[in-house]
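Student: using only what follows, build the 3D model:
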Amino acid sequence: MTTDVEVKSDPRLTLGARINFRWVAVFIVLGAVLPFVVEGYTSFQMTLVMIYAIAILGLNLLTGFNGQFSLGHSAFYAIGAYTAAVLVYHLDFPVYITIPIGGVVCFVAGFLFGLPALRLEGLYLALATFALAVAIPQILKSSHLEDLTGGVQGLDIFRPDIPAVLVDNFDLTMDQWWYIITFVIMLLLFWVAWNLINSRSGRAMMAIRDNPIAAQSMGINSSLYKSLTFGVSAFYTGIAGALSAIVIEFVAPDSFTFQLSILLFIGLVVGGTGSIWGALFGGLFILMVPNIAEEVSTGLSYAVFGVILILVIYVMPSGFAGLINILKVRLRRIF
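Tutor: Have a look, this model is predicted:
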């Protein structure tokens with residue numbers, strides 16, 4: 001005798017245990033070809049989209065998968081960016097090495113911040129992270145650190161030349177080269193996040209999000225997992241910050257204000273909370289839509305952006321990833 005059991009999967013896990021590798025292969029091929037078929041400025045913009053997507057994914061690991069609310073990820077973005085800038089500007093470190101170093105520094109900072117934040121939940125944790133986001137730009141402007149951070153003026157970073165072999169054989173431009181580097185790093189980090197979410201640690205993270213008391217009664221060390229998730233989330237955001245500093249070739253405190261935290265949070269919600277690949281759409285949204293709003297009306301750009309955001313949330317209450325899931329279910333019913 002057989003019994004049919006209906007298993008309802010979490011709609012937020014859009015890149016969960018079941019993954020269509022054909023679509024992944026198509027995405028990789030299209031992503032690899034893109035910088036060679038568009039103009040240089042478009043390649044630069046797409047590089048920024050991927051950098052924002054990495055930062056949004058980091059925030060998603062913390063908020064979407066672990067349930068810890070953060071409004072301070074612009075601080076980790078700034079720490080990653082300034083780590084890369086200081087190492088290159090003052091110590092002549094190779095640019096490529098500063099990217100993982102920025103991530104590691106942010107992992108330590110996130111883990112240490114997560115330890116005292118264990119006593120905080122919900123709005124109180126949001127308020128603590130908000131204070132962090134407000135404080136970091138002011139610290140970077142401090143006259144005591146001006147020799148290190150450049151103060152209000154910031155620091156300039158100059159990207160190294162492209163390897164001569166690639167220039168001679170493929171005629172790569174600087175924008176194309178850094179697009180490829182960012183694309184490879186993004187794919188690697190997305191793959192790591194997917195494996196993390198589908199591991200025992202990932203299930204423990206989501207159990208803490210769904211029911212902390214039940215997770216603790218099952219023997220899950222909530223304090224350890226929350227702190228580690230904060231560190232991993234900061235690691236992703238630090239990588240994004242370091243890449244941003246190198247690609248833009250400049251860092252300044254005013255580039256990492258609380259507004260950046262809000263944009264990352266908007267990207268998280270629009271892309272889809274608890275979605276890995278939805279971070280890409282979130283990055284595209286927070287880069288493109290403010291520019292569109294500025295073109296529509298310079299004086300009322302924030303109002304236009306607000307209206308667009310309201311319409312998007314109304315049409316896609318579960319984010320872009322949730323909308324895709326709904327469309328897939330309906331298409332299956334039809335066909």
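Student: where in this structure is pLDDT low?
Tutor: 1-20 (pLDDT under 70).
Student: now do 80
Tutor: Low-confidence segments of the chain, defined by pLDDT under 80, span residues 1-21, 117-118, 164-171, 297-298, 335.
Student: do a quick rundown of the helices in the stretch 201-335 of the chain.
Tutor: When secondary structure is read from DSSP state H, counting those that start in this stretch, the stretch 201-335 of the chain shows helices at 212-217, 222-248, 258-271, 278-296, 301-315, 319-334.
Student: and the last one, what's buried?
Tutor: To tie it back to what came earlier, the one meant is helix 319-334. Within helix 319-334, the residues that count as buried by 16 or more other Cβ atoms under 10 Å are 319, 320, 321, 322, 323, 324, 325. (Each C-beta comes from the backbone N, C-alpha and C, glycine too.)
Student: just the fourth one next, same as before
Tutor: Of all the residues in helix 278-296, those buried under the rule 16+ other Cβ under 10 Å are 278-287, 289-290, 293.
Student: and if you look at the fifth one?
Tutor: For helix 301-315, the buried set under the neighbour-count rule, 16+ other Cβ under 10 Å, comprises 301, 304, 305, 308, 309, 312.
Student: re the thing from before, export the buried residues of helix 278-296 as JSON lines, with columns for distance to residue 208.
Tutor: Shown next, in JSON lines, are the buried residues of helix 278-296 (distance: Cβ to Cβ, whole Å):
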{"residue": "278", "distance to residue 208": "21"}
{"residue": "279", "distance to residue 208": "21"}
{"residue": "280", "distance to residue 208": "26"}
{"residue": "281", "distance to residue 208": "26"}
{"residue": "282", "distance to residue 208": "23"}
{"residue": "283", "distance to residue 208": "26"}
{"residue": "284", "distance to residue 208": "30"}
{"residue": "285", "distance to residue 208": "28"}
{"residue": "286", "distance to residue 208": "28"}
{"residue": "287", "distance to residue 208": "32"}
{"residue": "289", "distance to residue 208": "33"}
{"residue": "290", "distance to residue 208": "34"}
{"residue": "293", "distance to residue 208": "37"}
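Student: residue 232: which of these is nearest?
Tutor: Sorting the buried residues of helix 278-296 by how near they are to residue 232, with Cβ to Cβ, puts residue 279 at the top with 14.5 Å.
Student: wait, isn't residue 178 in contact with residue 172?
Tutor: No - the pair residue 178 and residue 172 fails to qualify as a contact (Cβ atoms under 8 Å) at a distance of 9.8 Å.
Student: okay, those two: which has more neighbours?
Tutor: More neighbours surround residue 178 than the other of residue 178 and residue 172, with 22 against 19 (other Cβ atoms under 10 Å).
Student: the helix or strand hosting that one versus helix 278-296: what angle between them?
Tutor: Of the helices and strands defined by DSSP states H and E, residue 178 is found in helix 174-197. Here helix 174-197 points in a direction 140 degrees away from that of helix 278-296 (axes from the mean of the first three to the mean of the last three Cα atoms, to 10 degrees).
Student: what's in contact with helix 174-197?
Tutor: With contacts defined as Cβ atoms under 8 Å, 6 or more residues apart in numbering, helix 174-197 is touched by 13, 15-16, 19, 28, 31-32, 34-36, 40-41, 43-44, 46-47, 50-51, 53-54, 57, 61, 65, 96, 99, 159, 162, 166, 172, 202, 205-206, 232, 236, 239, 243, 246-247, 276-277.
Student: for PyMOL, write the select line for the buried members of these.
Tutor: Under the burial definition 16+ other Cβ under 10 Å, those of the contacts of helix 174-197 that qualify are selected in PyMOL by:
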select buried, resi 13+15+16+31+35+43+44+46+47+50+51+53+54+57+61+65+99+172+202+205+206+232+236+239+243+246+247+276+277
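Student: and for residue 114, the neighbour number?
Tutor: A count of nearby residues for residue 114, using other Cβ under 10 Å, gives 25.
Student: which ones are touching the nearest residue to it once chain neighbours are set aside?
Tutor: Excluding the flanking residues, the one nearest residue 114 by Cβ to Cβ, 6 or more residues apart in numbering is residue 230, at 3.1 Å. Contact criterion Cβ under 8 Å, 6+ apart gives 62, 68, 110, 111, 113, 114, 117 as the residues in contact with residue 230.
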